[in-house]
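Engineer: Can you look at this prediction? I've put the sequence above it.
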Amino acid sequence: MDNKNDEFERLDFADDFFHAAEINAQYDEEERQNNPKKKNGKNKLLVIAVISAVAVIAIVCGVYFGFFHGKAEEIPTEPSSTTTTTQAPAVIANPLTGESGYNEAAIGKRPVSVVIDNAAGARPQYNMSAADIVVEGEVEGGETRMLWFFADMTNLPEQVGPTRSARPSFVKFSELFDSVYVHFGGSHSKGNYIGGYEIIKQDNVDDIDGMTVSSCFRRTSDKVSPHNAVLIGENLVAAIEKKNYRTDVDKSSFSALSFNEKVSSVSDIPCNKVTVKFSSKTRSHTFAYNAESRAYSNQGDYNTPVNFTNLIIMYADSTYIDKQNYKGAGNTETYLNYSLTSGSGKLVSCGSIVDFDWSVDNGILSFKNKNGKELKLNPGKSWIALASANHNGSVSIDE
């Protein structure tokens with residue numbers, strides 16, 4: 001608006017100037033006519049005309065440049081149409097726990113599963129808390145054995161164990177996650193019993209056996225054989241590479257688990273303590289809920305405290321098979337094999353419990369809630385118990 005006012009003021013001044021010049025010229029003409037002897041009248045008129053012309057040019061230029069300069073200043077700057085969008089960084093999650101902060105280089109790589117001794121002489125085990133998933137089930141003589149899963153084979157503890165020999169059900173369970181199977185020895189077939197070694201060979205399982213691969217195993221001095229063979233975590237990758245095993249995961253053979261975004265109750269049914277028994281022949285494990293850590297803790301069964309976010313109890317049919325003349329000594333050893341086909345189960349998490357169904361289809365394990373939808377676990381470590389559906393496996397809870 002200031003520039004427009006300046007423009008109007010310049011135009012008004014020009015009009016006044018021209019009017020004054022015109023009057024001046026008329027006055028001089030009248031003077032010349034009334035006084036013919038006046039010598040400078042004509043010259044004066046000429047001077048005035050020249051001055052008037054110069055003034056007009058100056059005014060017009062000032063109006064012109066002032067007007068358009070003002071217009072240029074008044075031209076608004078178009079706001080930028082470019083919108084900067086900041087995308088949230090992709091969450092790199094551990095495929096076995098659903099927790100963030102996972103090693104990006106391990107994404108799409110195979111996990112490893114390690115057979116762990118759970119006899120009295122093996123407890124407390126080494127670095128149980130480092131495993132992403134702990135699977136426990138009955139093997140023989142009322143004893144249980146474990147299978148520890150690690151999603152990132154490059155980030156194992158210094159020692160893991162004590163390791164123990166292969167059993168058919170544990171080999172089969174390892175295949176559900178396309179893992180490299182790590183063990184120290186194995187059972188052999190005899191009579192109606194099919195051994196762990198034979199299942200490894202039959203299913204073409206990539207395995208690392210401490211009986212033949214000494215580079216990543218050692219014996220500890222604080223326990224006695226056969227409960228003192230441990231896996232050297234940092235040497236495992238080299239042993240796998242030496243075997244030329246595939247390290248990229250085969251998605252068609254990997255059971256992808258589903259997780260909630262954050263820890264939350266899985267039902268309205270409270271569960272502050274749960275006791276699990278694998279069969280009538282085994283001892284039980286009891287876990288108590290800690291509301292502050294949102295985890296279930298077992299204080300004594302492993303001779304060391306262990307904590308899990310999810311307790312997954314899978315009821316599976318089981319079969320006891322006698323192996324006659326065990327080790328050629330005339331004794332009979334009774335083994336237990338699980339049928340990993342389908343069954344029911346219970347998920348205990350975040351102070352609550354819910355029923356679910358499980359099945360294995362084309363080598364993929366899936367958990368479904370009672371509405372047939374995918375069961376979601378809470379982010380964190382899981383303990384999976386293989387409870388015998390037909391030999392008195394049981395779950396009892398304390399609300």
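Structural biologist: Here it is on my side, so go on. Residues are numbered from 1 along each chain as shown.
Engineer: Neighbours of Ser396, how many?
Structural biologist: By other Cβ atoms under 10 Å, 11 other residues sit near Ser396. Just so you know, the C-beta spots here come from the backbone N, C-alpha and C atoms, and that holds for glycine as well.
Engineer: Wait, Gly393 touches Ala387, no?
Structural biologist: Yes: at 3.0 Å, Gly393 counts as touching Ala387 under the criterion of Cβ atoms under 8 Å.
Engineer: Point out the other helices and strands that the helix or strand hosting Phe287 packs with.
Structural biologist: Assigned by DSSP states H and E, Phe287 falls within strand 284-290. Packing partners of strand 284-290 (3 or more Cβ pairs under 8 Å, 6 or more residues apart in numbering; DSSP states H and E): strand 273-277, strand 295-298.
Engineer: For it, buried residues please.
Structural biologist: 285-287, 289 (16 or more other Cβ atoms under 10 Å).
Engineer: and what of stretch 141-161?
Structural biologist: Neighbour counts over stretch 141-161 (16+ other Cβ under 10 Å) mark 143-153, 156-157, 159-161 as buried.
Engineer: tell me which of those is nearest to Gly233?
Structural biologist: Leu156 (3.1 Å; Cβ to Cβ).
Engineer: List the residues that contact Lys327.
Structural biologist: Contacts for Lys327 (Cβ atoms under 8 Å, 6 or more residues apart in numbering) come out as none.
Engineer: Out of the buried residues of stretch 141-161, which two sit at the greatest distance?
Structural biologist: Glu143 and Asp152 (29.6 Å).
Engineer: for Ile232, which residues make a bridge with it?
Structural biologist: Beta-bridge pairing for Ile232 (DSSP bridges): Gln159.
Engineer: Sorry, slip of the keys, the one I care about is Glu138.
Structural biologist: Beta-bridge pairing for Glu138 (DSSP bridges): Thr144.
Engineer: Can you give me the distance of it to Ser366?
Structural biologist: 23 Å (Cβ to Cβ, to the nearest Å).
Engineer: Pick out whichever of those two has more residues nearby.
Structural biologist: Glu138 (26 against 18).
Engineer: you'd agree that one is up against Arg283?
Structural biologist: No: judged on Cβ under 8 Å, Glu138 makes no contact with Arg283 at a distance of 10.5 Å.
Engineer: List the residues that are in contact with both of these two.
Structural biologist: With the criterion set as Cβ under 8 Å, 6+ apart, the contacts of Glu138 and Arg283 do not overlap.
Engineer: Can you tell me the closest non-neighbouring residue to Ala106?
Structural biologist: Excluding the flanking residues, the one nearest Ala106 by Cβ to Cβ, 6 or more residues apart in numbering is Asp152, at 4.0 Å.
Engineer: just checking, that neighbour touches Asn103?
Structural biologist: Yes: contact criterion Cβ under 8 Å: Asp152 and Asn103 qualify, at 5.1 Å.
Engineer: Just read off the phi/psi values of the residue nearest the centre of the chain.
Structural biologist: Geometric centre of the chain, nearest residue: Ala93, 1.5 Å, by Cα atoms, centre = their mean. Main-chain torsions, Ala93, degrees, to the nearest 10: phi -110, psi 140.
Engineer: what bridges to it?
Structural biologist: When assigned by DSSP bridges, Ala93 has beta-bridge partners Ser100.
Engineer: show me what contacts it?
Structural biologist: 99-100, 102, 259, 379.
Engineer: Those residues: which two are farthest apart?
Structural biologist: Tyr102 and Phe259 (12.2 Å).
Engineer: isn't Ser189 right next to Gly196, touching?
Structural biologist: No: the criterion here is Cβ under 8 Å, and Ser189 misses it with Gly196 at 9.2 Å.
Engineer: When these two are compared, which one has more neighbours?
Structural biologist: Counted by other Cβ under 10 Å, Ser189 and Gly196 do not tie: Gly196 has more neighbours, with 27 against 14.
Engineer: can you pull the contacts of the closest residue to that one other than its chain neighbours?
Structural biologist: Nearest residue to Gly196, sequence neighbours excluded (Cβ to Cβ, 6+ apart): Ala166, at 3.2 Å. Contact partners of Ala166, counting by Cβ under 8 Å, 6+ apart, are 115, 181, 183, 185-187, 196-197, 199-200, 207, 209.
Engineer: pLDDT below threshold where in the protein?
Structural biologist: Along the chain, segments meeting pLDDT under 70 span 1-89.
Engineer: quick one, helices of it?
Structural biologist: Secondary structure of the chain (DSSP state H): helices at 2-34, 41-74, 168-175, 196-202, 236-242.
Engineer: tell me which residues in the last one are buried?
Structural biologist: Residues of helix 236-242 classed as buried under the neighbour-count rule (16+ other Cβ under 10 Å) are 236-237, 239-240.
Engineer: As TSV, these with distance to Gly121 would be great.
Structural biologist: Output for the buried residues of helix 236-242, formatted as TSV (distance: Cβ to Cβ, whole Å):
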residue	distance to Gly121
Leu236	24
Val237	29
Ala239	26
Ile240	29
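Engineer: Tell me which two of these sit farthest apart.
Structural biologist: Counting by Cβ to Cβ, the most remote pair of these is Val237 and Ala239, 7.3 Å apart.
Engineer: quick one, what contacts the nearest residue to Gly345 once chain neighbours are set aside?
Structural biologist: Nearest residue to Gly345, sequence neighbours excluded (Cβ to Cβ, 6+ apart): Met314, at 4.7 Å. When contacts are counted by Cβ under 8 Å, 6+ apart, Met314 touches 343, 345, 358, 384-387.
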